[in-house]
Structure formats: C-alpha cells, structure tokens
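>>> need a 3D model of the following:
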Amino acid sequence: MAKFEMTKTSNGMFKFNLKASNGQVILTSETYKDKTGAKNGIDSVKKNAVDDARFERKTAKNGQSYFVLKASNGQVIGQSEMYASTSGMENGIASVKKNAVEADVVDLTA
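Numbering: from 1, shown residues only. The predicted structure is shown next:
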C-alpha cells in the first residue's frame with residue numbers, strides 16, 4: 001500500500017515523500033518549518049490529487065518531463081522525479097491520483 005513518509009531534514013525542517021506500494025517515490029514535498037506544516041501539506045496532497053487541473057506538467061532544461069502538484073491557491077505542494085518520457089510522467093500523475101487519498105502517514109521524525 002502507498003504511504004506518506006514524513007522526515008526531518010538536516011537543518012531541522014520537515015518534508016514528506018509519497019511512495020507507491022513498490023516503494024518508489026512518486027511525489028516529494030516542499031520543506032516546512034514544523035511538523036504541523038508537513039501534516040497540513042499531506043492533507044493538501046490528499047485533497048488536491050483528485051483534480052487533474054492541480055497537476056502542472058513541465059519540461060526541464062535537459063528535456064526530461066516532471067510535474068508539480070499545486071494547491072487551490074497556486075502554491076506548490078510537491079514535485080515528481082524526472083521522467084525520460086511524457087508517458088512516464090503521466091503514469092506518475094496517475095499513480096499520485098490513485099494512491100494519495102488512501103495512503104497512510106508514517107512519521108519518521110522521532
């Protein structure tokens with residue numbers, strides 16, 4: 001089953017990764033000042049992942065595809081890895097849509 005893993009960065013900030021059931025990271029969050037902010041970010045992913053309009057499809061300078069997930073206010077919640085193809089990116093978006101809502105939250109900050 002998919003899961004959100006919340007971690008603490010080396011500089012004391014918080015972030016999370018949404019991992020598919022195979023363990024692959026499909027979305028990485030922005031960093032947050034505190035754990036509450038990260039939890040709110042996870043809630044925002046769960047809420048916004050069902051709306052295709054919240055996914056912004058992009059192309060990096062090196063030609064690889066990636067996406068960002070934005071909240072209703074336009075703020076970036078998370079970003080995908082780089083994909084070699086547009087179809088790979090679309091599969092990543094489909095995976096976030098499918099997995100985010102039901103994903104458990106694992107707190108690895110302790």
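
>>> tell me the secondary structure at the residue nearest the centre of the chain.
Nearest to the mean C-alpha position of the chain, counting by CA atoms, centre = their mean, stands Leu27 at 2.8 Å. What DSSP: H, G, I helix; E, B strand; the rest coil gives for Leu27 is strand.

>>> how far away is it from Val68?
Leu27 sits 9 Å away from Val68, going by CB to CB, to the nearest Å. In this view, the C-beta of every residue, glycine as well, is placed from N, C-alpha and C.

>>> identify the contacts common to these two.
Common contacts of Leu27 and Val68 (CB atoms under 8 Å, 6 or more residues apart in numbering): Gly78, Gln79, Ser80.

>>> bridged to the second one, which residues?
What that stands for is Gln79. Assessed by DSSP bridges, Gln79 has beta-bridge partners Thr28, Val68.

>>> who touches it in this structure?
Gln79 sits next to Leu27, Thr28, Tyr66, Phe67, Val68, Leu69 when contact means CB under 8 Å, 6+ apart.

>>> strands along the protein, start to end?
In the chain, the strands defined using DSSP state E lie at 3-8, 14-19, 25-29, 55-59, 65-70, 76-79, 104-107.

>>> before I go, just wanted to say thanks for your time.
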